[in-house]
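>>> Okay, structure incoming, though there's no sequence with it:
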């Protein structure tokens, strides 16, 4: 039986570390990408609702809320976004951008 040389053992350790880091990165990237795509889809729905209601002549627009992202790599993580308070600065900004009186989200459903 051959003994492994220290340099061979060092190579195995390096390969194991690289493999572990690569797998960890891929898993983390997959979760981040999934979160980003989901948020993008939900925001597109909100924007479509705003445009449709504006086209229908509605000046006080209400949209369905999107889920707040929990992934720190998501662009909306920890940032301002639409709320049910129509006087909140982000809601006012969106209303001004779209040229409507106000924009808000439906209030959260109370669970029993």
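Everything's here; your move. Keep in mind it's a predicted model, so treat the numbers as computed, not measured.
>>> Can I take it that residue 62 is in a strand?
Yes - judged by DSSP: H, G, I helix; E, B strand; the rest coil, residue 62 forms part of a strand.
>>> distance of it from residue 105?
7 Å (CB to CB, to the nearest Å). Quick note: C-beta positions are derived from backbone N, CA and C, even for glycine.
>>> Those two - which one has more neighbours?
residue 105 (20 against 17; other CB atoms under 10 Å).
>>> OK, contacts around that one?
46, 62-65, 82-84 (CB atoms under 8 Å, 6 or more residues apart in numbering).
>>> how about a cut-off of 10 Å?
46, 49, 61-66, 81-86, 91 (CB atoms under 10 Å, 6 or more residues apart in numbering).
>>> Surely residue 104 is in a helix?
No - under three-state DSSP, residue 104 sits outside any helix and is assigned strand.
>>> which non-adjacent residue is nearest it?
residue 86 (4.4 Å; CB to CB, 6 or more residues apart in numbering).
>>> Is it correct that that neighbour falls within a helix?
No - counting by three-state DSSP, residue 86 falls outside a helix, being coil.
>>> now the host helix or strand of residue 24, how far from the centre of its chain.
Counting by DSSP states H and E, the element that carries residue 24 is helix 6-55. Helix 6-55 sits 11 Å away from the centroid of its parent chain (CA atoms, centre = their mean, to the nearest Å).
>>> For that helix, give the mean pLDDT please.
Per-region confidence: helix 6-55 scores 87 on mean pLDDT.
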